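1. this one's structure only:
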């Protein structure tokens with residue numbers, strides 16, 4: 001596949017780029033901070049831009065089969081100053097991406113969101129959903145708006161909602177589904193989430209679904 005990874009220099013994004021290249025895909029990584037995406041590859045194109053500006057993002061979209069959006073609510077490196085609160089990176093960037101995809105005729109979109117957004121809150125063991133929504137109120141509100149935009153987009157979308165992320169190698173032993181339960185201690189590696197996103201991108205049965213990823 002010809003993949004565009006928006007947020008390719010972030011924690012999950014870097015792993016997603018690496019896994020996609022290892023699987024033989026042609027990858028465009030859309031990043032603000034190329035220094036955070038080390039190395040090179042014959043099948044990798046790095047585009048430097050800003051998802052918060054539609055005119056910057058739009059030229060990167062045409063020519064791809066699938067777009068994977070891994071915009072972070074808490075940017076790192078050169079983008080650290082744009083973290084929450086007050087700057088809705090996920091929702092604004094995703095709305096721009098949807099506009100650009102619609103204009104370019106690119107229809108397949110996979111988006112990284114989070115638990116306990118949307119109906120996944122109903123499957124979190126008390127007090128996990130309440131606590132996360134309280135402590136990360138603005139982050140979760142941003143992701144709720146992001147998911148609403150994805151659902152209304154008319155694109156062939158899949159939403160991936162991991163529990164709390166951690167570093168480490170892929171375990172290959174995660175649960176993926178619409179009604180997966182999770183709790184305060186639930187953790188998955190970013191590598192596992194990247195693998196799930198890459199897998200569902202090629203699975204038409206996941207179109208129109210929001211999937212929790214938990215251990």
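-> Looks like it arrived, so ask away. None of these values were measured; they are calculated from a predicted model. Numbering: from 1, shown residues only.

2. what about stretch 158-165, distance to the chain center?
-> Chain-centre distance of stretch 158-165: 8 Å, with CA atoms, centre = their mean, to the nearest Å.

3. contact partners of it?
-> Residues outside stretch 158-165 that contact it (CB atoms under 8 Å, 6 or more residues apart in numbering): 11-12, 109-115, 117-118, 120, 147, 150, 182, 186-190, 193, 196-197, 200-201, 206-215. To be clear about C-beta, it is placed using only N, CA and C from the backbone, and glycine gets the same treatment.

4. Filter these down to just the ones in helices.
-> Among these, the ones falling in helices (DSSP state H) are 11, 12, 147, 150, 190, 193, 196, 197, 200, 201.

5. Surely the third one touches residue 116?
-> The reference is to residue 147. No: using CB atoms under 8 Å, residue 147 is not in contact with residue 116, being 11.8 Å away.

6. so which of the ones in helices among the contacts of stretch 158-165 comes closest to residue 53?
-> residue 150 (19.7 Å; CB to CB).

7. which ones are touching the closest one?
-> Residue 150 neighbours (CB under 8 Å, 6+ apart): 94, 98, 109, 111, 157, 159.

8. To what extent is the fifth one buried, counted in neighbours?
-> Going back to what we said before, that points to residue 157. 25 (other CB atoms under 10 Å).

9. Next, work out how far apart it and residue 138 are.
-> With the distance defined as CB to CB, to the nearest Å, residue 157 ends up 24 Å from residue 138.

10. Likewise for the third one?
-> Remark: distance between residue 109 and residue 138 (CB to CB) = 24 Å.

11. now residue 31, which residues is it bridged with?
-> residue 48 (DSSP bridges).

12. Surely it and residue 44 touch.
-> No: using CB under 8 Å, residue 31 is not in contact with residue 44, being 11.2 Å away.

13. Looking at these two, which is more packed in?
-> A count of neighbours by other CB under 10 Å puts residue 31 above the other of residue 31 and residue 44, at 27 against 19.

14. what sits against that one?
-> Going by CB under 8 Å, 6+ apart, residue 31 touches 7, 8, 9, 13, 37, 46, 47, 48, 49.

15. run the last query once more with 10 Å
-> Contact analysis of residue 31 by CB atoms under 10 Å, 6 or more residues apart in numbering lists 5-10, 13-14, 17, 37, 46-51, 77-79.

16. Please determine how far it is located from residue 123.
-> Going from residue 31 to residue 123 by CB to CB gives 33 Å.

17. Among the ones in helices among the contacts of stretch 158-165, find me the one that's closest to residue 23.
-> residue 201 (10.4 Å).

18. Which pLDDT does the model give residue 80?
-> Note on residue 80: pLDDT of 53.

19. before we move on, back to that, looking at residue 109 and residue 138 now, which is surrounded by more residues?
-> A direct count of neighbours by other CB under 10 Å for residue 109 and residue 138 places residue 109 higher, at 24 against 13.

20. The more buried one and residue 68 touch, don't they?
-> Yes: counting by CB atoms under 10 Å, residue 109 does reach residue 68; the two are 7.9 Å apart.
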